[in-house]
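> what's the 3D shape of this:
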Amino acid sequence: MKIRNLADLEIFVCTADSGGLSAAARKLDLSPAVTSAALKRLESDLGVMLFVRTTRSMRLTVEGEQFLSRCRTLLAELQMAEEEALAGRLVISGDLQISMPSDLGRNVIMPWLDAFQSQYAGIRLRVQLSDRIANMYRDPVDLAIRYGKPSDSGMVALPLVKDNRRVLCASPAYLEYHGNLNSPYDLTGRNCLCLMVGDMLYNQWQFTQAGKTVTIAVNGNRTTDDSDAIHRWALEGYGICYRSRLDVVEDIAKGRLQVLCDEWVGETVPLYMICPDRRQLSPMMRMLREYLEAQFERHIALA
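Model prediction:
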(Lines give C-alpha, C1' and ligand atoms only; values in the text may rest on other atoms or scores of the structure.)
Protein backbone atom coordinates (compact mmCIF):
# COMPACT_ATOMS: atom_id res chain seq x y z
CA MET A 1 0.00 0.00 0.00
CA LYS A 2 1.27 3.44 -0.92
CA ILE A 3 -0.61 6.73 -0.64
CA ARG A 4 -0.04 8.59 -3.87
CA ASN A 5 -1.08 12.08 -2.86
CA LEU A 6 -0.77 13.77 0.55
CA ALA A 7 -3.45 16.25 -0.52
CA ASP A 8 -5.87 13.33 -0.44
CA LEU A 9 -5.29 13.09 3.32
CA GLU A 10 -6.24 16.75 3.77
CA ILE A 11 -9.39 16.22 1.72
CA PHE A 12 -10.26 13.15 3.79
CA VAL A 13 -9.87 15.03 7.10
CA CYS A 14 -11.83 18.00 5.81
CA THR A 15 -14.64 15.72 4.58
CA ALA A 16 -14.83 13.99 7.95
CA ASP A 17 -14.92 17.34 9.76
CA SER A 18 -17.44 18.88 7.37
CA GLY A 19 -19.80 15.91 7.30
CA GLY A 20 -20.02 15.61 3.55
CA LEU A 21 -18.37 15.97 0.16
CA SER A 22 -20.13 19.18 -0.88
CA ALA A 23 -19.27 21.01 2.34
CA ALA A 24 -15.65 19.87 2.12
CA ALA A 25 -15.44 20.90 -1.53
CA ARG A 26 -16.71 24.40 -0.70
CA LYS A 27 -14.30 24.76 2.21
CA LEU A 28 -11.33 23.63 0.11
CA ASP A 29 -12.46 25.54 -3.00
CA LEU A 30 -12.60 22.33 -5.05
CA SER A 31 -15.29 20.77 -7.16
CA PRO A 32 -17.31 17.92 -5.60
CA ALA A 33 -16.01 15.66 -8.37
CA VAL A 34 -12.38 16.35 -7.44
CA THR A 35 -13.15 15.78 -3.75
CA SER A 36 -14.95 12.51 -4.48
CA ALA A 37 -12.13 11.30 -6.72
CA ALA A 38 -9.57 12.03 -3.99
CA LEU A 39 -11.48 9.94 -1.45
CA LYS A 40 -11.91 7.05 -3.88
CA ARG A 41 -8.20 7.19 -4.71
CA LEU A 42 -7.29 7.15 -1.00
CA GLU A 43 -9.58 4.20 -0.30
CA SER A 44 -8.02 2.37 -3.23
CA ASP A 45 -4.52 3.10 -1.94
CA LEU A 46 -5.44 1.83 1.54
CA GLY A 47 -7.59 -1.07 0.40
CA VAL A 48 -10.38 -0.20 2.90
CA MET A 49 -13.59 1.81 2.91
CA LEU A 50 -13.27 5.02 4.89
CA PHE A 51 -16.89 6.18 4.60
CA VAL A 52 -20.29 4.57 4.46
CA ARG A 53 -22.21 6.62 1.88
CA THR A 54 -25.95 7.04 1.49
CA THR A 55 -27.91 9.37 -0.79
CA ARG A 56 -28.23 11.93 2.02
CA SER A 57 -25.20 11.49 4.24
CA MET A 58 -21.89 9.79 4.81
CA ARG A 59 -20.29 8.54 7.99
CA LEU A 60 -16.90 7.13 8.88
CA THR A 61 -16.35 3.40 9.06
CA VAL A 62 -14.48 1.91 12.00
CA GLU A 63 -11.34 1.88 9.83
CA GLY A 64 -12.07 5.48 8.84
CA GLU A 65 -12.28 6.56 12.49
CA GLN A 66 -8.92 4.95 13.24
CA PHE A 67 -7.28 6.37 10.14
CA LEU A 68 -8.66 9.87 10.85
CA SER A 69 -6.85 10.02 14.18
CA ARG A 70 -3.55 9.04 12.55
CA CYS A 71 -4.09 11.52 9.72
CA ARG A 72 -4.59 14.41 12.12
CA THR A 73 -1.31 13.60 13.86
CA LEU A 74 0.56 13.19 10.57
CA LEU A 75 -0.73 16.46 9.08
CA ALA A 76 0.08 18.34 12.30
CA GLU A 77 3.63 16.95 12.22
CA LEU A 78 4.01 17.92 8.56
CA GLN A 79 2.85 21.43 9.31
CA MET A 80 5.36 21.68 12.16
CA ALA A 81 8.14 20.40 9.90
CA GLU A 82 7.28 23.04 7.30
CA GLU A 83 7.31 25.76 9.94
CA GLU A 84 10.66 24.56 11.27
CA ALA A 85 12.11 24.60 7.77
CA LEU A 86 10.90 28.15 7.34
CA ALA A 87 11.94 29.27 10.82
CA GLY A 88 15.37 30.36 9.67
CA ARG A 89 13.76 32.79 7.23
CA LEU A 90 11.14 34.11 9.63
CA VAL A 91 11.50 37.26 11.67
CA ILE A 92 11.35 35.95 15.23
CA SER A 93 9.35 38.48 17.19
CA GLY A 94 6.33 38.86 19.45
CA ASP A 95 5.31 38.44 23.08
CA LEU A 96 6.43 35.40 25.06
CA GLN A 97 5.18 34.74 28.58
CA ILE A 98 7.26 32.19 30.48
CA SER A 99 6.84 30.62 33.91
CA MET A 100 10.00 29.23 35.55
CA PRO A 101 11.13 27.92 38.96
CA SER A 102 12.55 30.65 41.18
CA ASP A 103 16.07 29.29 41.65
CA LEU A 104 16.74 27.81 38.21
CA GLY A 105 15.01 30.68 36.46
CA ARG A 106 16.71 33.51 38.31
CA ASN A 107 20.23 32.13 38.58
CA VAL A 108 20.61 29.98 35.45
CA ILE A 109 18.05 30.67 32.74
CA MET A 110 17.61 34.45 33.02
CA PRO A 111 21.13 35.27 31.71
CA TRP A 112 20.50 32.91 28.79
CA LEU A 113 17.21 34.67 28.03
CA ASP A 114 19.08 37.99 28.00
CA ALA A 115 21.42 36.60 25.34
CA PHE A 116 18.54 35.06 23.36
CA GLN A 117 16.63 38.34 23.38
CA SER A 118 19.72 40.25 22.25
CA GLN A 119 19.73 38.06 19.11
CA TYR A 120 16.03 38.70 18.44
CA ALA A 121 15.27 42.25 19.48
CA GLY A 122 11.64 41.89 18.41
CA ILE A 123 10.88 39.48 21.27
CA ARG A 124 9.11 40.90 24.31
CA LEU A 125 9.47 38.69 27.38
CA ARG A 126 7.21 38.46 30.40
CA VAL A 127 8.78 36.17 32.98
CA GLN A 128 7.07 34.64 36.01
CA LEU A 129 9.55 33.38 38.60
CA SER A 130 7.76 31.14 41.08
CA ASP A 131 7.86 27.61 42.42
CA ARG A 132 4.08 27.55 42.27
CA ILE A 133 2.93 25.48 39.30
CA ALA A 134 1.20 27.83 36.86
CA ASN A 135 -2.30 26.95 35.67
CA MET A 136 -1.65 27.21 31.96
CA TYR A 137 -5.34 27.18 31.08
CA ARG A 138 -6.05 30.13 33.35
CA ASP A 139 -2.84 32.09 33.92
CA PRO A 140 -1.33 34.36 31.23
CA VAL A 141 1.48 31.90 30.39
CA ASP A 142 2.55 30.67 26.94
CA LEU A 143 5.02 28.09 28.19
CA ALA A 144 6.45 26.83 31.45
CA ILE A 145 9.82 25.37 32.33
CA ARG A 146 9.30 22.84 35.10
CA TYR A 147 10.82 19.80 36.77
CA GLY A 148 8.88 16.60 36.14
CA LYS A 149 6.16 15.80 33.62
CA PRO A 150 2.84 17.55 34.15
CA SER A 151 0.08 15.49 35.72
CA ASP A 152 -2.27 16.70 32.97
CA SER A 153 -1.67 14.27 30.10
CA GLY A 154 -3.19 16.78 27.69
CA MET A 155 -0.19 19.07 28.10
CA VAL A 156 2.74 18.93 25.69
CA ALA A 157 5.97 18.26 27.63
CA LEU A 158 9.18 18.66 25.63
CA PRO A 159 12.34 17.48 27.42
CA LEU A 160 15.15 19.96 28.01
CA VAL A 161 17.26 17.76 30.33
CA LYS A 162 16.16 14.13 30.65
CA ASP A 163 18.88 12.83 32.96
CA ASN A 164 18.84 15.11 35.99
CA ARG A 165 18.72 14.25 39.68
CA ARG A 166 18.57 15.89 43.06
CA VAL A 167 21.78 16.09 45.05
CA LEU A 168 22.34 16.49 48.76
CA CYS A 169 24.76 19.31 49.48
CA ALA A 170 26.00 21.87 52.01
CA SER A 171 28.61 24.60 52.21
CA PRO A 172 32.18 23.89 53.38
CA ALA A 173 31.56 26.23 56.36
CA TYR A 174 28.54 24.18 57.48
CA LEU A 175 30.44 20.90 57.16
CA GLU A 176 33.46 22.25 59.00
CA TYR A 177 31.28 23.19 61.97
CA HIS A 178 28.78 20.30 61.97
CA GLY A 179 30.71 17.49 60.29
CA ASN A 180 30.01 15.38 57.22
CA LEU A 181 27.38 12.68 56.75
CA ASN A 182 28.04 8.97 56.39
CA SER A 183 24.63 8.23 54.87
CA PRO A 184 21.23 9.89 54.35
CA TYR A 185 20.14 8.32 57.66
CA ASP A 186 22.40 10.88 59.36
CA LEU A 187 20.06 13.65 58.18
CA THR A 188 17.97 12.99 61.29
CA GLY A 189 18.84 15.75 63.70
CA ARG A 190 20.54 17.91 61.06
CA ASN A 191 19.21 21.31 60.01
CA CYS A 192 17.59 20.69 56.61
CA LEU A 193 16.34 23.51 54.38
CA CYS A 194 12.86 22.62 53.13
CA LEU A 195 10.70 23.93 50.30
CA MET A 196 6.97 24.47 50.60
CA VAL A 197 4.79 24.81 47.48
CA GLY A 198 1.25 25.80 48.37
CA ASP A 199 0.26 23.59 51.30
CA MET A 200 2.77 20.88 50.38
CA LEU A 201 5.93 20.66 52.48
CA TYR A 202 8.72 18.78 50.71
CA ASN A 203 10.44 17.22 53.70
CA GLN A 204 10.50 13.59 52.50
CA TRP A 205 13.85 13.16 50.79
CA GLN A 206 14.41 10.00 48.75
CA PHE A 207 17.68 8.22 47.96
CA THR A 208 18.68 4.96 46.25
CA GLN A 209 21.72 2.73 46.69
CA ALA A 210 22.28 -0.74 45.19
CA GLY A 211 18.63 -0.99 44.21
CA LYS A 212 17.38 -0.06 47.69
CA THR A 213 15.34 3.15 48.02
CA VAL A 214 14.87 4.94 51.32
CA THR A 215 12.80 8.00 52.21
CA ILE A 216 14.07 10.17 55.03
CA ALA A 217 11.76 12.58 56.87
CA VAL A 218 13.83 15.71 57.55
CA ASN A 219 13.37 18.79 59.71
CA GLY A 220 14.94 22.19 60.08
CA ASN A 221 14.47 25.71 61.33
CA ARG A 222 14.12 27.30 57.87
CA THR A 223 11.29 26.65 55.41
CA THR A 224 10.29 28.77 52.41
CA ASP A 225 8.16 28.78 49.28
CA ASP A 226 11.12 30.19 47.30
CA SER A 227 13.74 27.70 46.08
CA ASP A 228 16.20 30.54 45.46
CA ALA A 229 16.10 31.38 49.19
CA ILE A 230 16.99 27.76 50.04
CA HIS A 231 19.94 27.96 47.65
CA ARG A 232 21.17 31.16 49.30
CA TRP A 233 20.74 29.76 52.82
CA ALA A 234 22.81 26.73 51.85
CA LEU A 235 25.58 28.93 50.46
CA GLU A 236 25.58 30.93 53.70
CA GLY A 237 26.01 27.75 55.73
CA TYR A 238 22.61 27.64 57.43
CA GLY A 239 21.86 24.01 56.65
CA ILE A 240 21.71 21.10 54.20
CA CYS A 241 19.75 21.33 50.95
CA TYR A 242 18.42 18.74 48.52
CA ARG A 243 18.47 20.48 45.18
CA SER A 244 18.30 19.70 41.49
CA ARG A 245 21.84 19.32 40.19
CA LEU A 246 21.02 21.92 37.53
CA ASP A 247 20.47 24.49 40.28
CA VAL A 248 23.79 23.92 42.04
CA VAL A 249 26.19 22.51 39.44
CA GLU A 250 28.19 25.74 39.20
CA ASP A 251 28.48 26.04 43.00
CA ILE A 252 29.68 22.44 43.20
CA ALA A 253 32.22 23.02 40.41
CA LYS A 254 33.58 26.13 42.20
CA GLY A 255 33.60 24.56 45.66
CA ARG A 256 30.92 26.77 47.15
CA LEU A 257 28.82 23.66 47.89
CA GLN A 258 29.91 20.06 48.47
CA VAL A 259 27.92 16.97 47.49
CA LEU A 260 27.12 14.68 50.41
CA CYS A 261 26.59 10.91 50.38
CA ASP A 262 27.37 10.81 46.66
CA GLU A 263 27.27 6.99 46.71
CA TRP A 264 23.50 7.39 47.19
CA VAL A 265 21.50 8.48 44.12
CA GLY A 266 18.93 11.25 44.51
CA GLU A 267 15.48 11.46 42.95
CA THR A 268 15.14 11.80 39.18
CA VAL A 269 13.90 15.28 38.21
CA PRO A 270 13.91 15.71 34.40
CA LEU A 271 13.37 19.25 33.14
CA TYR A 272 10.65 20.00 30.59
CA MET A 273 9.34 22.85 28.51
CA ILE A 274 5.55 22.65 28.77
CA CYS A 275 2.73 24.21 26.77
CA PRO A 276 -1.01 23.49 26.64
CA ASP A 277 -1.22 22.43 22.98
CA ARG A 278 1.26 21.48 20.25
CA ARG A 279 -0.42 23.94 17.89
CA GLN A 280 0.77 26.75 20.17
CA LEU A 281 4.42 25.87 19.59
CA SER A 282 5.43 28.81 17.44
CA PRO A 283 8.78 28.95 15.59
CA MET A 284 9.94 31.34 18.33
CA MET A 285 9.18 28.76 21.05
CA ARG A 286 10.87 25.95 19.14
CA MET A 287 13.97 28.06 18.57
CA LEU A 288 14.02 28.91 22.28
CA ARG A 289 13.81 25.23 23.16
CA GLU A 290 16.74 24.34 20.89
CA TYR A 291 18.73 27.22 22.35
CA LEU A 292 18.02 26.18 25.97
CA GLU A 293 18.85 22.53 25.23
CA ALA A 294 22.28 23.60 23.98
CA GLN A 295 22.83 25.88 26.99
CA PHE A 296 21.89 23.16 29.47
CA GLU A 297 24.24 20.70 27.77
CA ARG A 298 27.13 23.11 28.38
CA HIS A 299 25.87 23.86 31.89
CA ILE A 300 25.84 20.19 32.91
CA ALA A 301 29.40 19.81 31.61
CA LEU A 302 30.57 22.07 34.46
CA ALA A 303 30.28 19.14 36.88
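
> List the buried residues for stretch 159-168?
Neighbour-count burial for stretch 159-168, counted by 16 or more other C-beta atoms under 10 Å, picks out 160, 161, 164, 166, 167, 168. (Glycine included, C-beta is placed from N, CA and C.)

> Repeat that for stretch 264-273.
Quick answer for stretch 264-273 (16+ other C-beta under 10 Å): 264, 265, 266, 267, 269, 270, 271, 272, 273.

> Then stretch 189-207?
190, 191, 192, 193, 194, 195, 203, 205, 206, 207.

> Other residues contacting it?
131-133, 166, 168, 178, 181, 184, 187, 213-225, 227, 230, 233-234, 238-242, 261, 264-267 (C-beta atoms under 8 Å, 6 or more residues apart in numbering).

> if I look at residue 182, how far off is residue 4?
69 Å (C-beta to C-beta, to the nearest Å).

> Measure how far the helix of greatest length in the chain is from the centre of its chain, please.
For the chain, the helix with the greatest residue count under DSSP state H is helix 62-87. Relative to the chain's own centre, helix 62-87 is displaced by 21 Å; criterion: C-alpha atoms, centre = their mean, to the nearest Å.

> For it, name the packing helices and strands.
Here helix 62-87 touches helix 6-18, helix 283-300, going by 3 or more C-beta pairs under 8 Å, 6 or more residues apart in numbering; DSSP states H and E.

> So which of these is nearest residue 66?
Among those, the nearest to residue 66 by C-beta to C-beta is helix 6-18 (11.9 Å).

> Now do that closest one against helix 62-87, angle only.
Going by axes from the mean of the first three to the mean of the last three C-alpha atoms, to 10 degrees, helix 6-18 is angled at 120 degrees with respect to helix 62-87.

> just how off-centre is helix 6-18 within its chain?
On C-alpha atoms, centre = their mean, the centre of helix 6-18 falls 31 Å from the chain's centre.

> Stretch 208-221 now?
27 Å.

> Next: stretch 117-130.
18 Å.
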